[in-house]
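K.L.:
Below are the sequence and a predicted model for it; my questions follow.
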Amino acid sequence: MIAFDLFHLIFGASMIELITDPTPGKISYFREILEAEGIRTFVRNENMSGTEGMIPIFHPGLCIVKHSDLGRAKQLIAQSQPSDVSDTAAEIICLACSEKNPGNFASCWNCGAELPD
Ligand SMILES: [Zn+2]
């Protein structure tokens, strides 16, 4: 039962899901931000969406491993929400998906399309 306990420990009890989103690009966007700050993350249901011909039942979810990182991770995500950008003049609207992006972004956080200057 050691293997099961380990699985439960890693993927069950200790898993703290921060956000879920049907857009894999958004999950990886936040994942990069957290990993850059030294917060260990993993994506649940990563392979459950984005597959052509399959209906995703679960959205991918960004999780953190250490409970002690939770407060900081939530703070980083709150700060990084593109919709929370206070300097609206610097926002770039994506031509492909109409999502708002911070002015310093080269490609859309939502769909990955190149942004206009
Ligand atoms: Zn876009």
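P.N.:
Received the coordinates, thanks. Worth saying up front: this structure is predicted, and the values here are computed from it rather than measured.

K.L.:
most centrally placed residue in this structure?
P.N.:
In the chain, the residue lying closest to the centroid (Cα atoms, centre = their mean) is I27, at 2.2 Å.

K.L.:
roughly how far apart are it and A90?
P.N.:
24 Å (Cβ to Cβ, to the nearest Å). Where you see a C-beta, it was placed from the backbone N, CA and C, and this is true even at glycine.

K.L.:
so how far is A36 from the residue nearest to the centre of the chain?
P.N.:
Per Cβ to Cβ, I27 is found 15 Å from A36.

K.L.:
Kindly report the same for L95.
P.N.:
27 Å.

K.L.:
So those two - more neighbours on which side?
P.N.:
Comparing L95 with A36 by other Cβ atoms under 10 Å, the one with more neighbours is L95, at 12 against 9.

K.L.:
The more buried one contacts D117, doesn't it?
P.N.:
No: with contact defined as Cβ atoms under 8 Å, L95 and D117 do not form a contacting pair (11.8 Å).

K.L.:
What residues of stretch 90-108 count as buried?
P.N.:
Of the residues in stretch 90-108, those with enough neighbours to count as buried (16 or more other Cβ atoms under 10 Å) are I92, C94, E99, K100, N101, F105, C108.

K.L.:
Would you check which of the residues you listed are in contact with the ion?
P.N.:
Counting by Cβ under 5 Å from the ion, C94, E99, C108 from the buried residues of stretch 90-108 sit close to the ion.

K.L.:
List the residues that contact the first one.
P.N.:
Yep, that's C94 we're talking about. For C94, the contact set (Cβ atoms under 8 Å, 6 or more residues apart in numbering) comprises K100, N101, C108, N110, C111, A113, L115.
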